[in-house]
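Participant: I would like to see how this sequence folds:
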Amino acid sequence: MANEVKLITGASGTRHITPQDDASLIRGIVGNGAYILNDVQLEIRSNNTIVIPACDLIINGRHIRITNPKSVTIENGAVGNSRTDTIYLHYTNTGGVEDVDIKVNKGAGVSGRVEDFGTSSVNQFTLATVTLNGINITGTKLNLNKIPLQEIADKLKGDNDEVKTKYITKSVNIRKGLNSLGGVGISTPKILSITGTVHYANYVLPLSYPMMNYGSGAYIEWGLSAIMIGDALTIVSGSDWANCTVEIAITYRS
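Facilitator: Numbering: from 1, shown residues only. So this is what the prediction gives:
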């Protein structure tokens, strides 16, 4: 029975790391899709030749290098006819010896799926399609994606909560005591901070407590703060303030 637990990054005294091990690692990082690591395009060299530039591919975790530009021959088209050829990767595993080549299927596709590539004795995967109109090659399309770097970053970040900010603006008459501004649509335990200002006449009053006299600063005149009472955002004030605009920023874990 094969060892069910295998130390990959470690010395075992034998050559124990296999291509399947590397492919499994790559799939765990980028997924089991088909990706190209370079910013390249297919070149239409003539009506019979497509050139694939040197590039690196990841197909179902398998790293494939095209070390030099690869010329692919396309059979002649016919006047008055349209055709779509498929350039594909042809993978083989013969007695444990693996290989890959690039071939062309004239006028048809191939049935191989990306998630099957490299898993049996023969696998095929569409690398690109070539469109012919009459005798002319009129277009090519790569069947590969760029590696989704943002998705990988999110995966590496794990389950950490993202910190977001919600901004609220309300026009209110603040009365002495509790002034409910209603629900904010945020789970209260996820709130990290509540900050903001009250715009009154030509003054901008920070939401803090206690508040110094804004005329001279010689004494504490009143208190003004924003709190949550249950699910409701509430302004607590020590005085009445008419015709105010309240601007509040709530940071929270999403």
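Participant: Check which helices and strands whichever strand or helix holds Asp22 sits against.
Facilitator: Assigning secondary structure by DSSP states H and E places Asp22 in helix 19-30. Applying 3 or more Cβ pairs under 8 Å, 6 or more residues apart in numbering; DSSP states H and E, we find helix 19-30 packed against strand 62-66, helix 149-157. (C-beta placed from N, C-alpha, C; glycine too.)
Participant: State the mean pLDDT of stretch 68-82.
Facilitator: The pLDDT scores in stretch 68-82 average 93.
Participant: which parts of that stretch are buried?
Facilitator: By 16 or more other Cβ atoms under 10 Å, the buried positions in stretch 68-82 come out as 72, 74, 77.
Participant: same question, stretch 92-108
Facilitator: Neighbour-count burial for stretch 92-108 [16+ other Cβ under 10 Å]: 100, 102, 104-105.
Participant: Please compute how far it lies from its chain's middle.
Facilitator: 32 Å (Cα atoms, centre = their mean, to the nearest Å).
Participant: my read: Thr245 touches Ala201, true?
Facilitator: No - in this structure, Thr245 is not within contact of Ala201 by Cβ atoms under 8 Å, at 10.8 Å.
Participant: Who has more neighbours out of those two?
Facilitator: Thr245 (13 against 10; other Cβ atoms under 10 Å).
Participant: how about the buried residues of stretch 68-82 in TSV, adding secondary structure?
Facilitator: Shown next, in TSV, are the buried residues of stretch 68-82 (DSSP: H, G, I helix; E, B strand; the rest coil):
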residue	secondary structure
Val72	strand
Ile74	coil
Gly77	coil
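Participant: How many residues are close by the closest residue to Lys70 other than its chain neighbours?
Facilitator: Nearest residue to Lys70, sequence neighbours excluded (Cβ to Cβ, 6 or more residues apart in numbering): Ile52, at 4.4 Å. Neighbour count for Ile52, taken as other Cβ under 10 Å: 22.
Participant: which stretches of the stretch 101-250 of the chain have low pLDDT?
Facilitator: 150-152, 154-161, 209-222 (pLDDT under 70).
Participant: Please, where are all the strands along it?
Facilitator: Along the stretch 101-250 of the chain, counting by DSSP state E, counting those that start in this stretch, strands occupy 122-133, 136-142, 163-174, 177-183, 191-200, 203-206, 208-212, 220-229, 232-237, 241-253.
Participant: Partner strands of the shortest one and their direction?
Facilitator: In this case it means strand 203-206. According to DSSP bridges, strand 203-206 has the following sheet partners: strand 191-200 (antiparallel).
Participant: so Asn143 touches Val130, yeah?
Facilitator: No - the criterion here is Cβ under 8 Å, and Asn143 misses it with Val130 at 11.4 Å.
Participant: ok, the two, which is more surrounded?
Facilitator: Between Asn143 and Val130, counting by other Cβ under 10 Å, Val130 is the more crowded of the two (22 against 17).
Participant: What is the burial count for the residue nearest to that one when sequence neighbours are not counted?
Facilitator: Nearest residue to Val130, sequence neighbours excluded (Cβ to Cβ, 6+ apart): Asp85, at 4.5 Å. Asp85: 23 surrounding residues under other Cβ under 10 Å.
Participant: for Asp85, what are its contacts?
Facilitator: 74-75, 104-107, 129-130, 132 (Cβ atoms under 8 Å, 6 or more residues apart in numbering).
Participant: can you tell me how far it sits from Val198?
Facilitator: 70 Å (Cβ to Cβ, to the nearest Å).
Participant: Not counting sequence-adjacent ones, nearest residue to Gly109?
Facilitator: Nearest one to Gly109, counting by Cβ to Cβ, 6+ apart, is Thr86 at 4.9 Å.
Participant: rewinding a little: tell me which of the strands of the stretch 101-250 of the chain lies nearest to His63.
Facilitator: strand 122-133 (13.9 Å; Cβ to Cβ).
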